[in-house]
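Participant: pasting the structure only:
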Ligand SMILES: [Cu+2]
C-alpha cells in the first residue's frame with residue numbers, strides 16, 4: 001500500500017514537471033512599417049506561441065506587457081511564448097530602428 005502511494009506521488013510530481021505545450025500557435029510577420037496581422041486575438045489563460053518573422057530587414061519584436069523583446073533578423077523567425085491571465089489590449093511594437101517610419105510600427109495583442 002505504501003509503495004502504491006509512493007508511486008502515485010512520484011507520478012504526480014513527474015507529470016507536474018512536464019511543461020504544457022502552447023495551445024495556440026500564431027504567425028506574425030514584421031515589415032516596414034507594420035505587423036501582419038496588426039491585431040492578434042488570444043484567449044485569456046492560454047499559453048500562446050508566437051512565431052515572428054522579419055520580411056525585409058531586422059526588427060525587434062517588443063511587447064512590454066509580457067516582458068517580450070526579441071530581435072528578429074531578416075528572413076529568420078523568432079519564437080516567443082507567453083500566457084496572459086488578464087484580459088485587455090496590449091501594444092506590440094518594434095524595438096530596433098528600421099527606417100524613417102519605425103515609430104509607426106504598432107500592433108495589438110487582444111486577450112479576451
Ligand atoms: Cu522595425
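Facilitator: Okay, I see it. Everything numeric here is computed off the predicted structure, so don't read it as measured data. Numbers count the residues shown, from 1 in each chain.
Participant: pLDDT score assigned to residue 74?
Facilitator: With respect to pLDDT, residue 74 scores 97.
Participant: Run a quick neighbour tally on it.
Facilitator: Neighbours of residue 74 under the rule other Cβ atoms under 10 Å: 14. C-betas here are computed from N, CA, C, even on glycine.
Participant: List the contacts of it.
Facilitator: Residue 74 sits next to 54, 55, 56, 57, 58 when contact means Cβ atoms under 8 Å, 6 or more residues apart in numbering.
Participant: could you flag which of those are buried?
Facilitator: By neighbour count, with 16 or more other Cβ atoms under 10 Å, the contacts of residue 74 hold 54, 58 as buried.
Participant: Next one: residue 33 from residue 98, what distance?
Facilitator: 7 Å (Cβ to Cβ, to the nearest Å).
Participant: who in this structure is up against the ion?
Facilitator: For the chain, the residues in contact with the ion (Cβ under 5 Å from the ion) are 59, 94, 98, 105.
Participant: was I right about the first one contacting residue 105?
Facilitator: What that stands for is residue 59. Yes. The pair residue 59 and residue 105 qualifies as a contact (Cβ atoms under 8 Å) at a distance of 7.3 Å.
Participant: quick revisit: so what's in contact with residue 33 and residue 98 at the same time?
Facilitator: residue 105.
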